[in-house]
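In: got a structure for you, letters missing:
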């Protein structure tokens, strides 16, 4: 009995395994060690203190809650990346002050200028 989709004749070609060497951009198992990375992070930031001070400007008056700003807001569509950036951006007049007490290496990673580090150490 022959079933639909079956071919009773033997295959006309033979599939051979690939014997070529893997190239520079081949897919390989990841070698990243997350547990070691966590330990290094903890050791580096063990004696680090971050002081964050946020000063908010007076909030603008709230918009009416019963009226949508546009059709997309009315339909509760997903926001684009640019819309989300604008949504969570600091308002005009808001200020953030960050004070870091850490090793020179951590302060360098956070982008602190070398002149400021030298001035604070003196």
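Out: Everything's here; your move. Please read these numbers as outputs of a predicted model, since none were measured by experiment. Numbers count the residues shown, from 1 in each chain.

In: which residues of this protein fall in helices?
Out: Here the chain has its helices, by DSSP state H, at 34-44, 71-74, 81-88, 104-109, 114-121.

In: Identify the residues contacting the spatially most central residue of the chain.
Out: The structure's the chain has its C-alpha centroid closest to residue 81; by CA atoms, centre = their mean the separation is 13.2 Å. With contacts defined as CB atoms under 8 Å, 6 or more residues apart in numbering, residue 81 is in contact with no residue. No exception for glycine: its C-beta is placed from N, CA and C like everyone else's.

In: Make CSV out of the helices of the chain and add mean pLDDT.
Out: Below are the helices of the chain laid out as CSV (pLDDT from 0 to 100):
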stretch, mean pLDDT
helix 34-44, 93
helix 71-74, 90
helix 81-88, 93
helix 104-109, 84
helix 114-121, 62
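
In: Highest mean neighbour count out of the ones you listed?
Out: A comparison of these by mean neighbour count, using mean count of other CB atoms under 10 Å, puts helix 104-109 on top with a mean of 13.

In: Which strands or helices does that helix pack on?
Out: Here helix 104-109 touches helix 114-121, going by 3 or more CB pairs under 8 Å, 6 or more residues apart in numbering; DSSP states H and E.

In: burial of the closest residue to residue 101 other than its chain neighbours, as a residue count?
Out: Excluding its sequence neighbours, the residue lying closest to residue 101 (CB to CB, 6 or more residues apart in numbering) is residue 49, at 4.3 Å. Other residues near residue 49 come to 9 when the count uses other CB atoms under 10 Å.

In: Residue 49 and residue 43, how far apart?
Out: 16 Å (CB to CB, to the nearest Å).

In: could you dump the helices of the chain to TSV with distance to residue 18?
Out: Shown next, in TSV, are the helices of the chain (distance: least, CB to CB, whole Å):
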stretch	distance to residue 18
helix 34-44	32
helix 71-74	50
helix 81-88	40
helix 104-109	43
helix 114-121	53
